[in-house]
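1. Here's a sequence, model it:
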Amino acid sequence: MRFAVLLKGTLRGMGREAKCELLATKSVTPGTSRPVYSHCAVIDAPADLPEGDYEVEFGQEVAITRMQDGCWQVARVMPRSYTEAAIFFANEARRAAESSRKSARAPLPKVRASS
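-> Numbers count the residues shown, from 1 in each chain. Okay, the predicted model is just below:
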């Protein structure tokens, strides 16, 4: 069963800690001990927080988020175990390396000289 829930959370980052509210999808599967949260969005946070990277803790979960151009961008809910965390960070490092290699190989746009 899946449904939308309003949660209280704590933002940490950029030298600050602040309370916030999130809207998330909560999934409950029969036979499991914990619900799973996904598609979370920070919907209420102090307006004076500086732009940058944060973590948001809510409902026994932690997600990575970023305040950019006045908007919150929640990346994902973090893994629950050390093994899942190691896999998550290895995959993130691999994606970052691939992205930087692609941008290094990208040809520069051609500029026409005006006459």
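2. Contacts only, for the residue sitting nearest the centre point of the chain.
-> Central residue of the chain (CA atoms, centre = their mean): Ala75, 2.1 Å from the mean position. Neighbour list for Ala75: 63-66 [criterion: CB atoms under 8 Å, 6 or more residues apart in numbering]. No exception for glycine: its C-beta is placed from N, CA and C like everyone else's.
3. Okay, it and Ser33: tell me how far apart.
-> 25 Å (CB to CB, to the nearest Å).
4. Ok, Val5 next?
-> Taking CB to CB, one finds Val5 at 18 Å from Ser33.
5. Repeat that for Ser100.
-> In terms of CB to CB, Ser100 sits 40 Å off from Ser33.
6. for the protein, which spans come out with low pLDDT?
-> 76-86, 88-89, 92, 102-115 (pLDDT under 70).
7. now the helices for it?
-> For the chain, helices defined by DSSP state H occupy the ranges 82-105.
8. next one: stretch 60-72 to chain centre, how far?
-> Relative to its parent chain, stretch 60-72 has a centroid offset of 5 Å by CA atoms, centre = their mean, to the nearest Å.
9. cool, and stretch 7-16?
-> Using CA atoms, centre = their mean, the offset of stretch 7-16 from its chain centre is 13 Å.
10. With stretch 46-62 instead?
-> The answer for stretch 46-62 is 9 Å, by CA atoms, centre = their mean.
11. before we move on, the earlier item: and Ser100 and Ser33? Which one has more around it.
-> Taking other CB atoms under 10 Å, Ser100 and Ser33 do not tie; Ser100 has more neighbours (10 against 4).
12. Can you give me the distance of that one to Lys26?
-> 36 Å.
13. Apart from its neighbours in sequence, what residue is nearest Arg12?
-> Nearest non-adjacent residue to Arg12, counting by CB to CB, 6 or more residues apart in numbering: Glu55, 5.3 Å away.
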